[in-house]
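Participant: Structure, please.
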Amino acid sequence: MTKRSTITSGARWEDIVGYSRATKIGNTIEISGTVSIEDGQPVAKNDAYGQTKRILEIIGETLDKAGGGIQDVIRTRIYVTDISKWEEVGKAHGEIFGKIKPATSMVEVSRLISPEFLVEIEATAILP
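Facilitator: As a prediction, the model looks like this:
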């Protein structure tokens, strides 16, 4: 049987909704949709680039807790509330993943969990 572990952020929503920040099964890590937040408060309001940078920091911290790193990411899924901001989001994504080049998609959605959030990102990583 493959070992399963979860990484929690401690957010109260995890128990209410029934999810975890990340789940690791074997050498695969799936990271839940992540928004730009710190200490329960939105970060970089009205700044798609800043939100993307913060989100990728959180994803990196989560991967560290799971025994991996940003270099292990093979896929990201990016959700934006305004696709016209794609270059700002893409620039931040490229600064982190420029040499790694995971598969990705970016789609516009009508809204995220709170109007302050412009970007949400999910990630998949496979450890060597």
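Participant: Which other helices and strands does the strand or helix carrying Gln51 contact?
Facilitator: Here Gln51 sits within helix 48-65, counting by DSSP states H and E. Under the contact criterion of 3 or more Cβ pairs under 8 Å, 6 or more residues apart in numbering; DSSP states H and E, helix 48-65 touches strand 22-25, strand 28-34, strand 37-38, strand 73-80, helix 86-97, strand 119-126. C-betas here are computed from N, CA, C, even on glycine.
Participant: got the contact list for the helix or strand of the chain with the lowest mean pLDDT?
Facilitator: Within the chain, judged by mean pLDDT, DSSP states H and E, the helix or strand with the poorest mean is helix 12-13; its value is a mean of 82. Applying Cβ atoms under 8 Å, 6 or more residues apart in numbering, the contact partners of helix 12-13 are Tyr19.
Participant: Distance from the chain centre to it, please.
Facilitator: Once both centres are worked out by Cα atoms, centre = their mean, to the nearest Å, helix 12-13 turns out to sit 17 Å from its chain's centre.
Participant: try stretch 2-15
Facilitator: Stretch 2-15 sits 15 Å away from the centroid of its parent chain (Cα atoms, centre = their mean).
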